[in-house]
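Asker: fold the following for me, if possible:
(chains A and B)
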Amino acid sequence: MYNTKMLTPEDMAERGEDFNDVLDDWFIESLKTYKDLHVYQLEHPTQVIEWTSGKTVCVAGYSSSKNEILELQLPLKLFADENKGLCAERDFKVVHGGFTDGPVRCLRHVPGTRCVVTNDGLTSDLQVWTVGGDDSDVIRRTGSVAGRKRRRTDSEGGSRIAARCSTQVLHGAQSDDIQLTHLTSGQILYTPEITSSDPLSSLQFVSDDVFLAGCCNGNIYLTDTRTSASPQLSPAPASPGESVLWWTDAAAGVSSGSVVRLSSSGRAVISDLRNLGAAVSQAQLSVQSRRCNPDDVTVSWAPALPGCIAVSGFSGVVQIYNTSVWGVELQEVQPLFGHRGHAVSSLPEEGDVFITSHAWHPERPRTLLSAASDGSVHVWDWVDQSASDR
Amino acid sequence: MPEIKVTPLGAGQDVGRSCILVSIGGKNIMLDCGMHMGYNDDRRFPDFSYITQSGRLTEFLDCVIISHFHLDHCGALPFMSEMVGYDGPIYMTHPTKAICPILLEDFRKITVDKKGETNFFTSQMIKDCMKKVVPLNLHQTVQVDDELEIKAYYAGHVLGAAMVQIKVGSESVVYTGDYNMTPDRHLGAAWMDKCRPDVLISESTYATTIRDSKRCRERDFLKKVHESIERGGKVLIPVFALGRAQELCILLETFWERMNLKAPIYFSTGLTEKANHYYKLFITWTNQKIRKTFVQRNMFEFKHIKAFDRSYADNPGPMVVFATPGMLHAGQSLQIFKKWAGNEKNMVIMPGYCVQGTIGHKILNGQRKLEMEGRSTLEVKLQVEYMSFSAHADAKGIMQLIRMAEPRSVLLVHGEAVKMEFLKGKIEQEFSIDCHMPANGETATVLTNPSVPVDISLKLLKREMALGGPLPDPKKPRTMHGTLIMKDNSLKLVSSEQALKELGLNEHQLRFTCRVQLQDQKPEPETLSRVYTHLRSVLKGSSVQLLPDGTVMVESILIKVSSSPEDPDTKTLLLSWSYQDEDLGSFLSSLLKKGLPAALC
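Answerer: Numbering: from 1, shown residues only, chains lettered A, B, ... in the order given. This next block holds a predicted model:
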């Protein structure tokens, strides 16, 4: 009936060979370091991850010709908190899909609507899409918004887009062509008085009427759309001898009021929105500095974890830092957590994999999505090992 | 235009019951005959009234094909064959034939004994039904009759699952059943050659999902087992089919070795018997990597996994036990469950779907108090985990299969049209083929343009070639003359003479004659020569000849001149032609009736 012969190491090796590739160090470690972990492979990589509701995100391809925009519903298991064990649903559901004629470099959801706005990075014009409801699963192009005419025909990065209310969209590729446009009529509602033309790396509303324009050279313009006064300029932190790119993010959730500036050399500077010129704290992140494009790096405040930021784009790892322990003096810091899943799971023939985008869940404190250049998309809920709440 | 008709049977938009009717080349085939597990009344059976309002189905169906042993694909088979009535052949692969009756009997027992239903098929009906089964081997063409042939392809998904190609003449349909395109550990990936069917029929259920990786599912499994063991709990894993249990065993064994864990893992005896049964099936069924992985290694030589004895269930401390049956409806797994259910440190991991009426189904629906025999209640305090390991194709997989088989069109069943528009657009765009999506009960018609191959005789071919002109081209058809002979199942194109000879008929010649009277004083030879000259100038394209015997010949038309001694000024032209030159002949007679032009010197 049953044979209790002892197995030789060779037997064990042969037996385990298929499974040892699964049970690598990262995998074993992940049993303790993640509450939830989901790994997906899209047909084509995405550079955008944008929430369209608490349970759905939009992703889109960036190849030079035709691409797909997809609205994906996150796995039900992730949200089934009390009855998690009874839910076996681990898959993404493609709830809506559409086709674009060019790459999608920036994608923004218009709050309160079923519309998303995209930019292809080739011109400063925006494409407007309607994501179908229950009656259709097709994402259709329903309009466009013209960008401001610029003297130059080529630009480093495409337009950045921000949306706060359901009828207007804020966009621009450079500091001198930012405009607030009415979505349906195309009427230009506001343009800030900015004369320098610095390529933008971010555009973000910090309140209904105030927005922040982060430039690649590190300048930040804080603009109030209710006044006609010129926007406040906060220049880049001094970085002598370095020619770096800068990215900016203003916190909206629990860390509201804080602004982070991150350079391509890995230097992060924290300021307060009311006094952007002064650095509250700063740190040298442990990232490999690399030649970047403005689209490559993403830095974002956690909506529900005070003082935490996520950084990606320098490699195949997404790093979480706790800025509340940083000091005023520039010092090297270690991340609170690093998601190495993309780097570890990539196939050798893919070469070096880079994170193309990440996004925090708007409410769940430690849940993030990340996407990489090999088409992988991960959803993960990490465990804070430093906290003694186990 | 010839057409293929496909009708998914069933009412409404409900997924969960596969039964598709296909009409192709005058043949009717039923693909799968599943039970809908969510209903308790007649809605769980496919709606056979589409085929015939009353009476047996035998004369309406040429065959039935079952893709795999899951109940939503074969659960209604005994009902269909024994209670509605069908005596024709039922095709399925060898493993499906071996496993189906076991699942059907389990299902019957649960439904009748546990749920107390009466209008259900009996054990004898299952046996009678299986007697009608004709087993299939992979990649082997089976002649159902003179015209209908079928072939099974490897589908992955579960042991014995097949995709089927159905062919009548040059029209064909491929039905995928359930399949997966990424290789599993104990099942390979689906594979098909470029068979270019007219229609590829596929389930749309998973076409709009993107699957979480196998690695993450395994991670979740190991994490849950490990957490339970660490807190001193016991883990029960009820399993049915060997493949999955075997895979989980090897995964745990490798993990135990890696983590240097000491808690015992057990494998119940019922499982060992079933395992031997399936072991033999694996050998005959597939020669892929699976055999190397599972068959060449001795199935039960584990370092950390031992045989279970029922007394071990009472041992203190953590342990993991694999036991049958899979839905906790009877036997050893239920016994162990009863012992362990009251302790919240313990865990039960359900690796698959459970039928209504079973304990498995109840606990997966959140029930925490169970009524057992003898009116006793069981409090369910242990942790219940539902994990799905089944391998299904997803959105990417369906595109891969289309790329592999190169169908002329795709047909998706069991989906809501409004939820499939994007996928339809994607398929149409990428492959430039039509994508149909009939609702349940609705018939989709696919027009086909079958080419009918015909043999041509060498003589006829040479003759046509000798006529010159451009070579035959599929885009530029050319008219040719010949006779089509249909004998037995072959079609032959031969020349008329050969046809007459083969048929033993005499050839008849048909000639027309006509007399035209002309007023002409010249002597006959001169008249003749004038006719010749006239015709030559008029009929520039045709061959006009003056023969030494005094005949003008135009193509095959012969013209002679004669006169009677009584009336030398009246010349009679005698025209004679064969039926092939009828048009020209009529033309000439009309022409000559008008008379000859003024005398030429």
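
Asker: please make it C-alpha for all contacts and neighbour counts, starting now.
Answerer: Fine.

Asker: find the nearest non-adjacent residue to A:Tyr190, please.
Answerer: In space, and not counting its chain neighbours, A:Tyr190 is closest to A:Leu180: 5.0 Å by Cα to Cα, 6 or more residues apart in numbering or on different chains.

Asker: quick one: pLDDT of that neighbour?
Answerer: As summarised for this prediction, A:Leu180 has a pLDDT of 94.

Asker: before we move on, what about the one 5 residues further on?
Answerer: Model confidence at A:Ser185, given as pLDDT, is 90.

Asker: residues touching the closest residue to A:Pro335 other than its chain neighbours, list them.
Answerer: In space, and not counting its chain neighbours, A:Pro335 is closest to A:Tyr321: 4.7 Å by Cα to Cα, 6+ apart. Going by Cα atoms under 8 Å, 6 or more residues apart in numbering or on different chains, A:Tyr321 touches A:308-311, A:334-337.

Asker: what does the helix or strand where the residue nearest to A:Tyr190 lies contact?
Answerer: Using DSSP states H and E, A:Leu180 sits in strand A:179-182. The contact list for strand A:179-182 (Cα under 8 Å, 6+ apart) reads A:145, A:148, A:167-172, A:187-192.

Asker: off-centre distance for it?
Answerer: 23 Å (Cα atoms, centre = their mean, to the nearest Å).

Asker: need the contacts of A:Tyr321 in a markdown table (columns: neighbour count and pLDDT).
Answerer: Converted to a markdown table, the contacts of A:Tyr321 look like this (neighbours: other Cα atoms under 10 Å in any protein chain shown; pLDDT from 0 to 100):
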| residue | neighbour count | pLDDT |
| --- | --- | --- |
| A:Cys308 | 20 | 96 |
| A:Ile309 | 23 | 97 |
| A:Ala310 | 22 | 97 |
| A:Val311 | 24 | 97 |
| A:Gln334 | 16 | 95 |
| A:Pro335 | 17 | 95 |
| A:Leu336 | 16 | 95 |
| A:Phe337 | 19 | 95 |
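
Asker: just these now: which is nearest chain B?
Answerer: When the contacts of A:Tyr321 are compared for distance to chain B (Cα to the nearest Cα), A:Phe337 wins out at 19.4 Å.

Asker: quick check: closest non-adjacent residue to that closest one.
Answerer: Counting by Cα to Cα, 6+ apart, A:Ile320 is the residue found nearest to A:Phe337 once chain neighbours are left out, at 5.1 Å.

Asker: look up how far chain B lies from that neighbour.
Answerer: 22 Å (Cα to the nearest Cα, to the nearest Å).

Asker: got a pLDDT number for that residue?
Answerer: 97.

Asker: can you give me the neighbour number for B:Leu547?
Answerer: Residues lying near B:Leu547 (other Cα atoms under 10 Å in any protein chain shown) number 10.

Asker: now swap in A:Gly143 and tell me
Answerer: Neighbourhood size, A:Gly143 [other Cα under 10 Å]: 14.

Asker: ok, it touching A:Val128?
Answerer: Yes: A:Gly143 is within contact range of A:Val128, at 4.8 Å (criterion: Cα atoms under 8 Å).

Asker: where exactly do the helices run in the stretch 251-390 of chain A?
Answerer: Using DSSP state H, counting those that start in this stretch, the helices found in the stretch 251-390 of chain A span residues A:341-345.

Asker: residue of it closest to chain B, please.
Answerer: Residue of the stretch 251-390 of chain A nearest chain B, by Cα to the nearest Cα: A:His378 (9.2 Å).
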